[in-house]
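Q: A structural model of the following input is requested.
(3 chains)
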Amino acid sequence: MTRKAVIAAFGAALAIFAGLSFYRSRHLREPVVPGPSVSRVAHLGDYFGPIKGTVNDVNVYVLEGKEPGGTILLLGGTHPEEPAGRLAAWIFAENAKIAKGRIFVILTANRSASTVTRLGGAYPPDFTIPTAWGGQKFRMGDRWSNPLDQWPDPEVYLHYPTRQELAYVDIRNLNRAFPGRPNGTLTEKTCYAITELVRREKVDIAIDFHEAELQYPVISTIVAHQKGADLAAAASMFISSVEGFAIGVENSPKALRGLSHREIGDATDAISLLLEAPEPFLDATRGRTDRKLLLTGKDDFVVRAGKRGLLFEKIDEKGWPIDIRVGRHTSTVLQILEIWSGDNPAKAVVLSGVPRYTDIVRDGVGAYLKDPKTIDPAKLFYE
Amino acid sequence: MNTIVTILYYLLTAYVAVLLVANFLKNKKWQDEVLYIIVLIPFVLRLLRLK
Amino acid sequence: MNATTSAALVLAVMVAAYAAAKALKVSTEISLFAAALAGALAGGSGIPARHIVEGAFTYFDIVLIFVTATLFMNLLKESGAAVFVVRAILRRFHRHKAPLFVLLTLLLLVPGALTGAGSVTVLIMGGMAATVLGTMDIPKPKVAAIIFVIAGLSAAAPPVNLWAMLTAAGTNMPYVGFFLPLLVPCVVLALLTIFILGWKSKPVDLEKALAELPEAPPKMNWVRVSFPFLVFSLLIVAGRVFPFSFPILGLPLMFAAAAAAAFILSPIKLAFFKTSRDTIHQLLPLIGTLTCAGILVQVMALTGVRGLIAITTVTLPITVVFLTLFLTLPVSEAVLMWGAAPVLGVPLVLLFNTIGLNPVVALAGMSVIWPLGDAIPPTAIIGRLTTTTVGMKEPYTKFLKYCLVPAVLIAVVGTLMVVFSKKLAFLTVF
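A: Numbers count the residues shown, from 1 in each chain, chains lettered A, B, ... in the order given. Below you'll find the predicted structure:
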């Protein structure tokens, strides 16, 4: 009996410590200081009632200029385990000053996925971006919605409406569930709500921020729906000549379903683009999995894979620091908007205040995160 | 409908957890006892909606 | 200390801890757990409760499938349905070995093909197939080998092949074009297996076999036997045909529904709670292995050991990669199970893609080889499930010996599919 009690106590201790850790990271509140152009903060549930009150009824920051113009949607956190995407969206929400047009920013498109970490992946529960005022902590997140919000999975996932067969786990992958299904799972409903937002707000360009392992063929690139092929090609050309880094262009394949760059473009009038930055933390060959790797992108094993010619992006001992990855995203968006506004003056989106690649690489991401202590707590928002 | 299915899954989880506890209490071998407890942890945390 | 040395040291500590635990007569499951704890300590992570428990969750849904499917099978057995079916098959087929083998092969291939899990084949069909083969005087280790190998092939068979699906998902490849590259080798190899291993079997001595088998309860009939399977099949088919109007049930609930049907239709009164408890007791080594293997994988990822294994494999010279597929794939399966697909499958497929092979056929070839790992330690999950289901008392190595011939055939076919994937690209039509 004593033995049983000791064993049970050991199990209880493990369960309590782990349980507390899971609870804390699931409920970690991330403050957002709305930037100068944020005119209101809507919710995704405003566009599709059935997700109101759910974990994915996320904030939609609406940034409006004095002059009318075009409408842009920025999606961060489609895959929360790709933090440069969320941070780039964060920088727009907290810093952008809009002169013309509107930008809708979602920081955590799949909030459910941001509350869980990958089984077997050994992800840290959170990470901290250093700032002059101390640092801001973010949830690590996963690629897939939290099973606490969507359970069970089918034995095979059939994409709506094409019926393409996908791996069962991808039924919780926001970027495999577009354009979404109104009576579907939480993930499918979230996609449907985003598609509804694009339709109702007459979004001209939807840009989805991502990161990828270096062994993934689609990397350091703009994946463009055919409607946006010229825009993406022009942006890629300008970026490579003036921004200090190179980015490619890929056509959104028609055979692979459920991805935002394919389905939003097909289902709505918007041009859909997806940006990929390199994240060695996601590589299958990565070494020790920790916060340092997440933020510095330095890994000896991934470098070895590169020397063997297995990677689709270069890597050396300098790694891929988070500042470079976030800077690539902000500069790419700024270039896309400049080209778009030049070609479509009536639908222009003109803004300032958002740091470019060189600014973020020089100052660090933290320099562009706002200190929540400096404003009235009633005016803060939380992700 | 999906909500009903999810509730059935929690009931199923609870039932298996009860079976694991019942077997743990009746068991005589220490290795099996340790194993029952390790297997039980995910069931308990899922029921408590912690993971 | 560089990354390779430190990860290698952690790996050495893990192996030493596993070996020490085994030497102290500790079970495989607890030894895996000990290896994980030692690895975490050696990696400087202390006792990382969060990671241990998160790892324990890795195969949670698969544990639920095992529990519900085995409960279903045990209820069928206790109700007398299993023996009823075996008696019927024997009466009908006792004179015709070849059609009997073909029938058994198909019956064994279906459950795994539909669910992607060889364990489901073993759990649903394994017991009955074992009894039938047993009446033909095939020794139990050989029977277990037949069932195990075909179960592995059933998991690889289309439409659902989890290794291919998970790898495809990790390489941005649609899961399209796999049907024939998976179907052809799986069916051919399964038939070869049963005919090779069953070649020396004697024809069924019907009188003797029927006398040895227990009697089925008098009220048992085909409706009572087939209805639970019908429930299960209808639920699977409904999910495929009406995916957008039928609720997502998941395999555990489908098996639970089939179990409920078997319980209600049983001609004799069954002790549901006791059968449930016995099921858990019977499954403890397997669900324990799954849980502890999940913990081990998580600690390997945490400490960089996982990366060390992956990078070492994919940076070998390409000929060596080809020639060692028969080793690396099963070993990765034995340690990581389906986790092998993202860890090793993704880098390997990308490697093959870079050198101009056809990734679909190459991946199909790889996923025919993968299931062989389910028979080898440390986890040996389906191998042990099979020997338990068959009721084999002989040493485990005897079973492995009989697996050898079909395993070599499978490894050769799979490797050739990878090497000549470009020439076989015509198979990827749908």
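
Q: shouldn't A:F10 be in contact with B:Y36?
A: No - counting by CB atoms under 8 Å, A:F10 does not reach B:Y36; the two are 12.0 Å apart. All C-beta spots, glycine's among them, are computed from the backbone N, C-alpha and C.

Q: tell me which of these two has more neighbours.
A: More crowded of A:F10 and B:Y36, by other CB atoms under 10 Å in any protein chain shown: B:Y36, with 26 against 13.

Q: got a list of contacts for the helix or strand hosting that one?
A: Using DSSP states H and E, B:Y36 sits in helix B:30-47. Residues from elsewhere that reach helix B:30-47 (CB atoms under 8 Å, 6 or more residues apart in numbering or on different chains): A:3-4, A:7-8, A:10-11, A:14-15, A:18-19, A:22, B:10, B:13-14, B:16-17, B:20-21, B:23-24, B:27, B:51, C:26-27, C:29-30, C:33, C:53, C:56-57, C:60, C:63, C:284, C:287-288, C:291-292, C:295.

Q: how about it: buried residues?
A: Applying a neighbour-count criterion of 16 or more other CB atoms under 10 Å in any protein chain shown, one finds B:31-46 buried in helix B:30-47.

Q: mind checking how far that helix is from the chain centre?
A: 7 Å (CA atoms, centre = their mean, to the nearest Å).

Q: who touches the residue sitting nearest the centre point of chain B in this structure?
A: Compute the mean C-alpha point of chain B, and by CA atoms, centre = their mean the closest residue is B:A17, 2.5 Å away. Counting by CB under 8 Å, 6+ apart, B:A17 makes contact with B:L40, B:F43, B:V44, B:L47.

Q: can you tell me the SS state at A:Y61?
A: Of the three states, A:Y61 takes strand according to DSSP: H, G, I helix; E, B strand; the rest coil.

Q: write out the residues of chain A neighbouring chain B.
A: A:3-4, A:7-8, A:10-11, A:14-15, A:18-19, A:22-23, A:26, A:116, A:148, A:151-152, A:185 (CB under 8 Å from any CB of the partner chain).

Q: can you flag the buried ones in those residues?
A: Of the residues of chain A next to chain B, these count as buried by 16+ other CB under 10 Å: A:7-8, A:11, A:14-15, A:18-19, A:22, A:26, A:116, A:148, A:151-152, A:185.

Q: could you dump those residues to TSV with secondary structure?
A: TSV is the format used below for those (three-state DSSP):
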residue	secondary structure
A:I7	helix
A:A8	helix
A:G11	helix
A:L14	helix
A:A15	helix
A:A18	helix
A:G19	helix
A:F22	helix
A:R26	helix
A:V116	coil
A:L148	coil
A:W151	coil
A:P152	coil
A:T185	coil
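
Q: just the residues you listed now: which is nearest A:E263?
A: Checking those against A:E263 with CB to CB, the nearest one is A:T185 at 15.8 Å.

Q: which two of the buried residues of helix B:30-47 have the greatest separation?
A: B:Q31 and B:R46 (24.5 Å).

Q: looking at the closest residue in space to A:E383 that isn't next to it in sequence now. What's its pLDDT?
A: In space, A:E383 comes closest to A:E30 once its chain neighbours are excluded; the distance is 4.3 Å by CB to CB, 6 or more residues apart in numbering or on different chains. Model confidence at A:E30, given as pLDDT, is 98.

Q: residues in contact with the residue in chain A that chain B sits nearest to?
A: In chain A, the residue that lies nearest chain B is A:G11 (3.6 Å; CB to the nearest CB). Listed by CB under 8 Å, 6+ apart, the contact set of A:G11 reads B:I37, B:I38, B:L40, B:I41.

Q: now do the contacts for the residue of the stretch 151-300 of chain C found nearest chain A.
A: Taking CB to the nearest CB as the measure, the stretch 151-300 of chain C has C:G250 as its residue closest to chain A, at 3.1 Å. With contact set as CB under 8 Å, 6+ apart, C:G250 has these partners: A:P152, A:D153, A:P154, A:E155, B:V5, B:Y9, C:D61.

Q: give me the lowest-pLDDT entry from the residues you listed.
A: Among these, A:E155 has the weakest pLDDT, 82.

Q: quick one, phi psi at it?
A: With angles defined as degrees, to the nearest 10, A:E155 sits at phi -80, psi -20.

Q: pretty sure C:L41 sits in a helix.
A: Yes - under three-state DSSP, C:L41 sits within a helix.

Q: the lengthiest helix in chain C: which residues count as buried?
A: The longest helix of chain C (DSSP state H) is helix C:272-303. Neighbour-count burial for helix C:272-303 flags C:275-281, C:283-303 (criterion: 16+ other CB under 10 Å).

Q: that helix versus helix B:30-47: what angle between them?
A: 90 degrees (axes from the mean of the first three to the mean of the last three CA atoms, to 10 degrees).

Q: near chain A at all, helix C:272-303?
A: Yes - on the criterion CB under 8 Å from any CB, helix C:272-303 is in touch with chain A at C:G294, C:V297, C:Q298, C:V299, C:A301, C:L302, C:T303.

Q: excluding sequence neighbours, find me the nearest residue to the first one.
A: Just to be clear, that refers to C:G294. C:G294 sits nearest to C:T58 (CB to CB, 6+ apart), 3.2 Å away.

Q: A:D269 too?
A: For A:D269, the closest residue by CB to CB, 6+ apart turns out to be A:K202, at 7.2 Å.

Q: wait, that neighbour sits on A:T268?
A: No - at 9.1 Å, A:K202 does not count as touching A:T268 under the criterion of CB under 8 Å.
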